[in-house]
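> need a 3D model of the following:
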Amino acid sequence: MIISLEKQVALVTGASSGLGYACAEALAQAGAAVVINYHSQQEPAESLAARIRERGGQAIAVGGDVSQEADVDALFAQAINAFGRLDILVANSGLQKDAPIGEMTLADWNKVIEVNLTGQFLCARAALRQFRQQEADPALSRASGKIIHMSSVHQVIPWAGHANYAASKGGIDLLMRSIAQEIGEERIRVNAVAPGAIKTAINEDTLQGDAGQKVLELIPYGRIGAPEDVANAVVWLASDLSDYVHGTTLFVDGGMSLYPGFRDNG
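Below you'll find the model as predicted:
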C-alpha cells in the first residue's frame with residue numbers, strides 16, 4: 001500500500017543531518033510539504049530543501065534553536081507563513097554531552113535536558129496551538145494533527161556515562177504519554193519513535209569492525225539499523241494507516257530493548 005501525505009505540511013526539527021534528515025526526505029517523498037529545521041548546519045538543510053523542490057516537492061529550511069521559546073515561535077510562524085497550515089510535527093532535535101556522572105558538569109546536564117526534553121515540549125506546545133486554531137480537513141487526514149516525538153531505546157535501557165541523555169529520553173516517554181492522554185479527545189494523535197543502534201555519519205566509525213560486532217551482540221535481529229528504518233516508521237505514524245495508534249512508542253531497534261544479554265540466563 002502506498003502512503004500519501006499529499007497537501008499535508010510537516011515540520012521536522014534537527015533535520016540537517018542523521019535521523020531528522022532522513023525523516024524530512026521520506027515525508028517529502030510521501031507528498032508532504034516539509035519545513036526543515038536546523039540549528040547550526042544551514043548548508044545541508046538548504047541543499048535538502050533544494051533537492052526536494054527539484055523533484056517537484058515543496059520544502060524550506062529554517063534555522064532555530066528548539067530550546068529557545070522565541071526561536072520555536074519564529075520557526076512555526078515561518079512554517080505557517082510559507083505553507084498556510086501544519087499537519088505533522090516530528091520533534092527530532094537532540095544531542096549528547098557524555099561523561100561519567102561524577103564528572104558531568106551542570107552545564108552539560110542542562111544543555112542536554114534543554115534541547116532533548118524542553119525543546120520537545122516547546123515544539124509540541126506550538127504544534128498543538130496551531131492544530132487548534134486551524135480548520136481540520138478530513139480529506140487530508142483523519143486526525144486533526146500528528147505529533148511524533150523522537151525518543152530512544154534509552155528511555156527504558158539505562159546507559160552508564162550518559163545519564164543526562166537517558167534522563168531526557170525517559171522524560172520524553174512520559175511527556176508524550178501525558179500529552180496524548182490530555183489531548184486525544186481532540187483527535188490529535190501523539191506518539192514516539194525509539195530508535196536503537198542506527199548508523200549515521202556521526203557514529204559510523206563506532207559501528208564498524210570490532211566495535212560494530214559488540215553492538216551486534218545487543219541486537220537480536222542481527223543488523224545495525226539505517227536512518228531509513230526510522231524514517232519509514234515516522235511516515236507510517238504520520239499517515240492514516242496508523243490512525244488508531246495513539247500514546248505509544250514504536251521501538252525501531254532490531255530487538256535491542258529486549259535485553260538480549262539475558263537470553264541464556266532466564
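> can you mark which positions in stretch 225-236 are buried?
Of the residues in stretch 225-236, 225, 227, 229-236 count as buried by neighbour count, 16 or more other C-beta atoms under 10 Å. C-beta coordinates here come from the backbone N, C-alpha and C atoms, glycine included.
> low-confidence stretches in the stretch 1-150 of the chain?
Within the stretch 1-150 of the chain, the segments meeting pLDDT under 70 span 1.
> where exactly do the helices run in it?
For the stretch 1-150 of the chain, helices defined by DSSP state H, counting those that start in this stretch occupy the ranges 18-29, 42-54, 69-83, 106-113, 119-133.
> most neighbours per residue, which of these?
helix 18-29 (a mean of 25; mean count of other C-beta atoms under 10 Å).
> so what's the residue lying closest to A126 once chain neighbours are set aside up against?
Leaving aside its sequence neighbours, A126 sits nearest to F76 (C-beta to C-beta, 6 or more residues apart in numbering; 4.6 Å). Counting by C-beta atoms under 8 Å, 6 or more residues apart in numbering, F76 touches 11, 86, 126-127, 130.
> what is the nearest of those residues to A28?
Distance ranking of the contacts of F76 against A28, using C-beta to C-beta, places L11 first at 12.2 Å.
> if we can go back for a sec, out of the helices of the stretch 1-150 of the chain, flag the one nearest P260.
Among the helices of the stretch 1-150 of the chain, the nearest to P260 by C-beta to C-beta is helix 18-29 (22.8 Å).
> show me what that closest one is packed against.
strand 9-12, strand 33-38, helix 42-54, strand 88-91, helix 227-238 (3 or more C-beta pairs under 8 Å, 6 or more residues apart in numbering; DSSP states H and E).
> using PDB, write out every CA atom in that helix.
Presented in PDB, the C-alpha positions along helix 18-29 are these (Å, rounded to 0.1, in the frame of the first residue of the first chain):
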ATOM      1  CA  GLY A  18      21.000  12.000  10.600                       C
ATOM      2  CA  LEU A  19      17.600  10.800  11.500                       C
ATOM      3  CA  GLY A  20      15.900  14.200  11.000                       C
ATOM      4  CA  TYR A  21      17.300  14.500   7.500                       C
ATOM      5  CA  ALA A  22      16.100  11.000   6.600                       C
ATOM      6  CA  CYS A  23      12.600  11.800   8.100                       C
ATOM      7  CA  ALA A  24      12.300  15.100   6.200                       C
ATOM      8  CA  GLU A  25      13.300  13.400   2.900                       C
ATOM      9  CA  ALA A  26      10.900  10.500   3.500                       C
ATOM     10  CA  LEU A  27       8.000  12.800   4.300                       C
ATOM     11  CA  ALA A  28       8.600  14.800   1.200                       C
ATOM     12  CA  GLN A  29       8.700  11.600  -0.900                       C
END
